[in-house]
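Novice: build me a model:
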Amino acid sequence: MNTSLLACALGLVVTLTGCTGYSLGNQKPAHLSHVTKLAVPTFENQTLEPRLGSLVTNAIIKQIQNSGGYEIVSIDDAEAVLDGRVVNVSRSQFRADRDNVLRTSQLLMTLRVDYEIKDAGSSSIIHRGRASADSYTILDSNIQNSEAQALEDAAQRLSVNVASDITEGW
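Specialist: Coordinates of the predicted model:
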């Protein structure tokens, strides 16, 4: 009886101490661990695509809020500022039409941004990064609508990359 009780207690101790290395909550990168309030002004659009800066900024803000690593605030209340630039949108043929190889049936769109996190008080750069994301679209009769949907999808994918870079320290 005592050996079975001792074995059960030992098993319980081993089971409960097996998770001591885990922690709940954020694991920010070490150089960003002091930042809790982040401002995200509208990304500068260096492309010819209209309203792309706002689209990317909104997607990044939503993703950072979903990750829970930072509180998004105005520049006046922020400890750091995430400044960014949409630097490139490229289009390339992903698939051709079966009957005519020069005619595109599916388009690959790549969106690229450069960003940096600056200390709000001193404006010194704390973190610098670059992210890109791809999106595929099937071209139909409304090419502009297809491209707009592909850019929105690429912005969503890009926001995951940016948010994981600044919120995950492992």
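
Novice: in the lengthiest helix in the chain, what counts as buried?
Specialist: Among all segments of the chain classified by DSSP state H, the helix with the greatest residue count is helix 143-167. The neighbour-count check on helix 143-167 (16 or more other Cβ atoms under 10 Å) flags 146-148, 150-163, 165-167 as buried. For every residue, glycine as well, the C-beta is placed using N, CA and C.

Novice: what is that helix packed up against?
Specialist: helix 52-67, strand 80-96, strand 104-119, strand 125-138 (3 or more Cβ pairs under 8 Å, 6 or more residues apart in numbering; DSSP states H and E).

Novice: C-alpha coordinates for stretch 92-103, PDB please?
Specialist: The C-alpha coordinates for stretch 92-103 follow below in PDB (Å, rounded to 0.1, in the frame of the first residue of the first chain):
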ATOM      1  CA  SER A  92       4.600  37.900 -62.800                       C
ATOM      2  CA  GLN A  93       3.000  35.200 -64.800                       C
ATOM      3  CA  PHE A  94       2.300  32.100 -62.600                       C
ATOM      4  CA  ARG A  95       0.400  30.100 -65.100                       C
ATOM      5  CA  ALA A  96      -0.300  30.500 -68.800                       C
ATOM      6  CA  ASP A  97      -3.400  29.800 -70.800                       C
ATOM      7  CA  ARG A  98      -3.400  26.300 -72.300                       C
ATOM      8  CA  ASP A  99      -4.000  27.400 -75.800                       C
ATOM      9  CA  ASN A 100      -1.700  30.500 -75.700                       C
ATOM     10  CA  VAL A 101       1.400  30.500 -73.600                       C
ATOM     11  CA  LEU A 102       1.800  34.300 -73.900                       C
ATOM     12  CA  ARG A 103      -1.600  34.800 -72.200                       C
END
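
Novice: buried sites along that stretch?
Specialist: Neighbour-count burial for stretch 92-103, counted by 16+ other Cβ under 10 Å, picks out F94.

Novice: can you list contacts of it?
Specialist: Stretch 92-103 is contacted from outside by 104-108, 110, 136, using Cβ atoms under 8 Å, 6 or more residues apart in numbering.
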